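Visitor: sequence? don't have it. structure:
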């Protein structure tokens, strides 16, 4: 796994560098010797189940929590010492963001801008522009107490951007929004990052969403980064034993067929089960693990002897990566 | 000549050092203005809130009632020749015809309520609404947040107290048609100032509770129970102790004095008691001492009212005590808050 963590893209500069970062709460280790580098201008996804230490890591980057050990550099600055400079250049959107509910969206944005030392006319102009940008122009004069979850998240994005940061950190930005809203939000994040050269750090436990927008992904389990890289690198790493898995959906699967497939010398194991959920009586879902890609041979064989409804070679999506790492997380992590 | 040179040299060095000091980086402008932006926002929030409107209503009603009783009592007294006509103007604040408590009592009773109401959810409401983590990730000092909460509420409290006090003075002026002397005026101003300090103590206590307790309801309840404890139960407890500690019928002067002082000291642990000491001394210039006086001490004393400076001197320890209690609360709130980890809505 060490080799994996070293996989880094060529980069012009480093926005965030964490080295040996550790945070403990009593006996509980929230973040365990974390090494991570986020390059400038990239969208990085922190992926992990709840309680994996994502938020704690983010808080340490902002200087809102003291690390127990290790070092944080954000744009070359130490958030512990120069927390104000760091906070001026990072926009942070907490998960489940809240606004002053008896104030309008515009007021809330202007307040944030004023806290960043922006003059009132400038703040108003920026707030209006950003509200347009995130699609809340009509709701600008509405009190935020009436906002839906999705609107609040979009307002949160505007709130983060109003200080014109170099880095934005979004903690679970897609939590609790409907799928269409998620798509729009992610699109917005992506376009913002590309147009303004923003570095984006995004934490989530929704792998598909991370998959959609992130350049690189770091997988977090129990305070440790078990894998880091882009999708391809991750699936390669996962596929260590170099096997190919083929999924079949067959009617009338029988021992003869199983024997025939098993006779292929590349086949390592066969696993079949009655697939009631697929619909169609008596169909089986069969998983064949082979040492080499022999999907055509299997297809030919099976279609000769049985009724083949579907065949697919398993691509390691983030889903599988997620499962594999998080179920065997400790196992992988401790290697 | 040499000595002069040396002197000049030393002076230059000292000046240079002083210059270095003044050149030391002050807080950049943006941050200090961020503090005032926060104060302005908090102030606006308070003024718009229903809570403040209700409080103001209660306090204004109480004050109107107390002025009414004071004025009826005053005009009743005016007929009797026995009445004390010195410092007539101050009596608006302290006199009552028995139907309603006087102004000072209303302030000492309702002031804490106002402080608690303005502070009990200062920090934990922001926390539970998820605005605190957003706010604290802006380039502001964490202590500025706490200070802004305190300063904005205290500004509001002083505005309310001074407005009420001056209104009472104005009403009194109209009704009794008897202008205050400068001394009386200053006595009232100092009384109002000490009321601000007293309410400020309760405000800080409730901010401390709001930092400590995550639920606004818990912190409000804790604040109100402390308030009730000090205004109602504390004197009862003192009575119990007094019964137990009372010296026998044939005790000597020393013993009785010691007992009296013990009871006074215990009583002064309560901020309400400190404040009532302050108000009586400031508004009743005839009060010459807050402790027991023996006959020997009184003999030969000219029974005349104290000048303002002497009255102030008399209550200085009480005022210091109130300010100290306020600072202790603020310090504790600061200590707890600075070390707290701020996560969203938790």
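Guide: The structure has been received and is ready for your questions. Given the structure is predicted, the values throughout are model-derived calculations rather than measurements.

Visitor: can you point out the buried residues in the helix or strand containing residue B:318?
Guide: Element membership of residue B:318, judged by DSSP states H and E, is helix B:308-339. Across helix B:308-339, burial judged by 16 or more other CB atoms under 10 Å in any protein chain shown covers B:308, B:311-312, B:314-315, B:318-319, B:321-322, B:325-326, B:329-330, B:332-334, B:337. All C-beta spots, glycine's among them, are computed from the backbone N, C-alpha and C.

Visitor: for chain A, what's its nearest residue on the stretch 51-200 of chain B.
Guide: Per CB to the nearest CB, residue B:130 is where the stretch 51-200 of chain B lies closest to chain A, at 2.5 Å.

Visitor: which residue, other than its chain neighbours, is closest to that residue?
Guide: residue A:98 (2.5 Å; CB to CB, 6 or more residues apart in numbering or on different chains).

Visitor: count the neighbours of residue 171 for me.
Guide: Looking at chain A here, since you left the chain open. 23 (other CB atoms under 10 Å in any protein chain shown).

Visitor: hmm, I had chain B in mind actually
Guide: Residues near residue B:171, counting by other CB under 10 Å: 17.

Visitor: tell me the secondary structure for residue B:301?
Guide: What DSSP: H, G, I helix; E, B strand; the rest coil gives for residue B:301 is coil.

Visitor: ok, now which ones touch residue 198?
Guide: Here I'm looking at chain A. Residue A:198 makes contact with A:41, A:165-168, A:192 under the criterion CB atoms under 8 Å, 6 or more residues apart in numbering or on different chains.

Visitor: wait, chain B was what I had in mind.
Guide: So residue B:198 contacts B:108, B:111-112, B:271, B:274-275, B:278, B:322 (CB under 8 Å, 6+ apart).

Visitor: of all the residues in the stretch 101-250 of chain A, which one is nearest chain B?
Guide: Closest point on the stretch 101-250 of chain A to chain B, by CB to the nearest CB, is residue A:117, at 2.8 Å.

Visitor: if we can go back for a sec, quick check, the helix holding residue B:318 touching chain A?
Guide: No. Helix B:308-339 is not in contact with chain A by CB under 8 Å from any CB of the partner chain; minimum separation 9.1 Å.

Visitor: distance between that helix and the chain's centre?
Guide: Helix B:308-339 sits 9 Å away from the centroid of its parent chain (CA atoms, centre = their mean, to the nearest Å).

Visitor: just the mean pLDDT for that helix, thanks.
Guide: In this model, helix B:308-339 carries a mean pLDDT of 90.

Visitor: cool, stretch B:170-182 as well?
Guide: 83.

Visitor: circling back to that earlier point, the helix holding residue B:318 packs against which elements?
Guide: Contacts defined by 3 or more CB pairs under 8 Å, 6 or more residues apart in numbering or on different chains; DSSP states H and E place helix B:308-339 against helix B:142-176, helix B:182-212, helix B:271-283.

Visitor: the first one to helix B:308-339, inter-axis angle?
Guide: Just to be clear, that refers to helix B:142-176. Compare the direction of helix B:142-176 with that of helix B:308-339 by axes from the mean of the first three to the mean of the last three CA atoms, to 10 degrees and you get 150 degrees.
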